[in-house]
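*Asks:* From the sequence below, what's the structure:
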Amino acid sequence: MFGRLLRRDGRQGEPVTFDPGAGLVSARVRDENGRPLAGAELVLRHRRTQRTSRATSDDYGLVVCTAAAGVYAVTISAGGYRESVHNVEVVSGDHTALGEVELQPDASLRLPEPGEWVLDPDHTSIRFVARHIGLSLVHGRFTSFRGSINVAPRIEDSSVEVVIDAASIDTAAPKRDEHLRSADFLDVENHPRLHFFSNRVTRAAGDRWYLDGTLNLRGASRGVRLDAGYLGLRSWNGDRLGARATTELHREDFTINWQQTLAKGLVVVGSTVEVRLDVQAVRA
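*Replies:* Numbers count the residues shown, from 1 in each chain. Purely as a prediction, here's the structure:
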């Protein structure tokens, strides 16, 4: 069976094949300014069985999902935007095009007031993931850190500072942690702290922001961009804001060059480290 996707100019494109008994649903998701919205999630929920199918929009806002024939409730959502809700009937061998779907900002996600917001270490985590011998991922975290978010009257002028105790690295393996603290990796005796400072904040779309700053690690300073998501405000033991952020670091950029190889040149420790932050900050 096959259907046809719409091209960016609205004309029919190449045929797309899918299994017998299934149909195709597509949409082009845009933000409030008409720009393509990447990362939006389309969810099809079967009205009778509650079976779900999911897909995510690409960099051009296109999202495509196949599902068994039937009647579905469709939601299209993205962080910082209100959901768009539709009802569709998926027909075997047919393509249902929702066309252009424009998501509107969620007005309830108000930005924080200007001032200093201090990281709550009990509800904030700084974690990282690295690949080991090409087979598995090693997960770790830093347990001791401090930081603040200084919100400026113009949000783009805000700054973020985080200081991490390098010796607090924890991967739940004492021998490995001891090696990571050594001169082969973090060299905590000579470089006891990791320091990140950002003074440039750029809005991407919806709840997504870019934080551009400098990370000092093991005596080397390099530019780093955090891809951040703003989660909003809550009142609990003070006024709090929530955020999440990710970035990728290449350890060679910070002169962490230790390496061993296995047979056929397979490296023991991957060169790329993914960093993940989950943040709660309390208004000072």
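
*Asks:* how many neighbours does Tyr81 have?
*Replies:* 22 (other Cβ atoms under 10 Å). Backbone N, C-alpha and C define where each C-beta goes, glycine included.

*Asks:* how close does it get to Arg200?
*Replies:* Between Tyr81 and Arg200 the computed distance is 24 Å (Cβ to Cβ, to the nearest Å).

*Asks:* and what of Val188?
*Replies:* Taking Cβ to Cβ as the measure, Val188 falls 29 Å from Arg200.

*Asks:* all strands for the stretch 101-250 of the chain, in order.
*Replies:* Ranges of strands in the stretch 101-250 of the chain, per DSSP state E, counting those that start in this stretch, are 115-119, 125-132, 136-142, 145-151, 159-165, 169-170, 193-205, 208-217, 220-235, 239-250.

*Asks:* Could you export these as CSV, including mean pLDDT, mean neighbour count and distance to Thr52?
*Replies:* Below are these laid out as CSV (pLDDT from 0 to 100; neighbours: other Cβ atoms under 10 Å; distance: least, Cβ to Cβ, whole Å):
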stretch, mean pLDDT, mean neighbour count, distance to Thr52
strand 115-119, 97, 17, 36
strand 125-132, 90, 17, 28
strand 136-142, 91, 14, 27
strand 145-151, 97, 19, 36
strand 159-165, 97, 19, 37
strand 169-170, 96, 20, 37
strand 193-205, 92, 17, 25
strand 208-217, 95, 18, 24
strand 220-235, 93, 15, 23
strand 239-250, 94, 17, 24
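
*Asks:* Could you dump the ones you listed into JSON lines with distance to Thr96 added?
*Replies:* Output for these, formatted as JSON lines (distance: least, Cβ to Cβ, whole Å):
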{"stretch": "strand 115-119", "distance to Thr96": "45"}
{"stretch": "strand 125-132", "distance to Thr96": "38"}
{"stretch": "strand 136-142", "distance to Thr96": "38"}
{"stretch": "strand 145-151", "distance to Thr96": "44"}
{"stretch": "strand 159-165", "distance to Thr96": "44"}
{"stretch": "strand 169-170", "distance to Thr96": "50"}
{"stretch": "strand 193-205", "distance to Thr96": "26"}
{"stretch": "strand 208-217", "distance to Thr96": "29"}
{"stretch": "strand 220-235", "distance to Thr96": "30"}
{"stretch": "strand 239-250", "distance to Thr96": "34"}
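
*Asks:* looking at those, which is closest to Val64?
*Replies:* Among those, the nearest to Val64 by Cβ to Cβ is strand 193-205 (20.3 Å).
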